[in-house]
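Trainee: sequence unavailable; structure follows:
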């Protein structure tokens, strides 16, 4: 039976794409820049690439936070010197966004209500932003531990991210742990590096070298799956 449940936040519990879109639109407006589908799509592309490089050790968190906006502003033909201001505005706008994916809140209610599990929030994010979003969604009390990469100094998929919890949770056992998340690289590969079973939350089967132990369409299916483990 599984007892220690690591759960990713963005695109697992919260609809990050919707939050990102709303926050970026507000950021561009406040910077006096046009809000276009092309700009929103380009930012998403740049942001994904920057976070991937961070996970691979090629960028620092600060380089991601500001560098993504410098690159977007250059692409838009705007003053790249506004990158720090744009980054600050974006984090301010994003911190108020807590848009649940369908069935996610109910799944957390069920997991907590069962009394069977120690839930661990596992997010590659900025503490100041994620703390406000967790509070906005009212889910802070669901988790016995919150792992925010910036705060603990390690980012998924690094094993150290998961070891941080292993070293601090009484009675912890990797054999009794499982990681549920949407990212094959940060969530699934990271947990495998730490000897933890994995649940990939995605509507399609994985293609590539990283193979999860289980796959479900949404967090809503996790309580039922855990009963079978």
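Mentor: Done, it's in. Bear in mind the structure is a predicted one, so any value in this text is a computation, not a measurement. Numbering: from 1, shown residues only.
Trainee: hmm, who's touching the helix or strand hosting residue 27?
Mentor: Using DSSP states H and E, residue 27 sits in helix 16-30. Helix 16-30 is contacted by residues 10-11, 34-35, 39-40, 43-44, 47, 86, 89-90, 93-94, 97-99, 133 when judged by Cβ atoms under 8 Å, 6 or more residues apart in numbering. Using the backbone N, CA and C atoms, a C-beta is placed for each residue, glycine as well.
Trainee: how about stretch 65-81?
Mentor: Under Cβ under 8 Å, 6+ apart, the answer for stretch 65-81 is 31, 33-34, 39, 42-43, 46-47, 50, 59, 82-84, 86-87, 90-91, 126.
Trainee: in the helix holding residue 27, what counts as buried?
Mentor: 16, 19, 20, 21, 23, 24, 26, 27, 28 (16 or more other Cβ atoms under 10 Å).
Trainee: can you tell me how far the second one sits from residue 94?
Mentor: As for residue 19, its distance to residue 94 is 6 Å (criterion: Cβ to Cβ, to the nearest Å).
Trainee: which residues are common contacts for those two?
Mentor: Joint contacts of residue 19 and residue 94 (Cβ under 8 Å, 6+ apart) are residue 133.
Trainee: got the domain boundaries for this structure?
Mentor: If you go by automatic domain parsing, the domain ranges for the chain are 4-15+99-228, 16-94.
Trainee: with mean pLDDT added, can I get those domains in CSV?
Mentor: Listed next are those as CSV, based on pLDDT from 0 to 100:
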stretch, mean pLDDT
domain 4-15+99-228, 95
domain 16-94, 94
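Trainee: out of those domains, deepest packed?
Mentor: domain 4-15+99-228 (a mean of 18; mean count of other Cβ atoms under 10 Å).
Trainee: ends of that domain, how far apart?
Mentor: Start and end residues of domain 4-15+99-228 are separated by 15 Å (Cα to Cα, to the nearest Å).
Trainee: so how far is it from its chain's centroid?
Mentor: The chain centroid and the centroid of domain 4-15+99-228 are separated by 9 Å, computed with Cα atoms, centre = their mean, to the nearest Å.
Trainee: what's the angle from the lengthiest helix in the chain to helix 16-30?
Mentor: As assigned by DSSP state H, the longest helix anywhere in the chain is helix 37-55. Put simply, helix 37-55 runs at 120 degrees to helix 16-30, going by axes from the mean of the first three to the mean of the last three Cα atoms, to 10 degrees.
Trainee: give me the contacts around helix 37-55.
Mentor: So helix 37-55 is contacted by 17, 20-21, 24-25, 28, 33, 59-61, 63-64, 67-68, 71-72, 75-76, 124, 155-157, 185-186 (Cβ under 8 Å, 6+ apart).
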